[in-house]
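model the following, please.
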Amino acid sequence: MLSTLKRWIALHGGESIQAEFALDATLSNTPDRYSSEDISQARLYLTVDPESAGYIVIGPTLEMLSRIHRQLPVTF
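Sure thing, here's the model as predicted:
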């Protein structure tokens, strides 16, 4: 799975992202890597941890996401 994630990042602007800031992406079956709670074979979590982050204006972002798929604003 990690190789699939790395390939997806590379195909979707990974080089540009890496040039701007350090990014750590993790696939796991638990949202907290140091906890044994919530471990489920039926769940998969993608955790993205940037070294630094910017900001967004939330209203327009949620509207844009809803145009792509109605569940994206809720997921975000």
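
how about residue 66, what does it touch?
Applying Cβ atoms under 8 Å, 6 or more residues apart in numbering, we find residue 66 in contact with 72, 73. All C-beta atoms are positioned from the backbone trio N, CA, C, and that covers glycine.

would you mind measuring from it to residue 76?
Going from residue 66 to residue 76 by Cβ to Cβ, to the nearest Å gives 10 Å.

what about residue 73, which SS state?
helix (DSSP: H, G, I helix; E, B strand; the rest coil).

okay, now it: neighbour count?
16 (other Cβ atoms under 10 Å).

equivalent analysis for residue 14, please.
Close neighbours of residue 14, defined as other Cβ under 10 Å, add up to 15.

roughly how far does it sit from residue 6?
8 Å.

list residues touching both of the two?
What both residue 14 and residue 6 touch, as defined by Cβ under 8 Å, 6+ apart, is an empty set.

and residue 42, which of the three is it?
Using three-state DSSP, the structure places residue 42 in coil.

now for it: which residues touch it?
So residue 42 contacts nothing (Cβ under 8 Å, 6+ apart).

show me the shaky parts of this protein.
1, 17-24, 29, 32-41, 50-53 (pLDDT under 70).

which parts of it are strands?
Counting by DSSP state E, the chain has strands at residues 23-28, 45-50.

let me have these in JSON lines, adding mean neighbour count as columns.
JSON lines is the format used below for those (neighbours: other Cβ atoms under 10 Å):
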{"stretch": "strand 23-28", "mean neighbour count": "13"}
{"stretch": "strand 45-50", "mean neighbour count": "12"}
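
how about a markdown table for the ones you listed, with distance to residue 61 added?
A markdown table is the format used below for the strands of the chain (distance: least, Cβ to Cβ, whole Å):
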| stretch | distance to residue 61 |
| --- | --- |
| strand 23-28 | 19 |
| strand 45-50 | 16 |
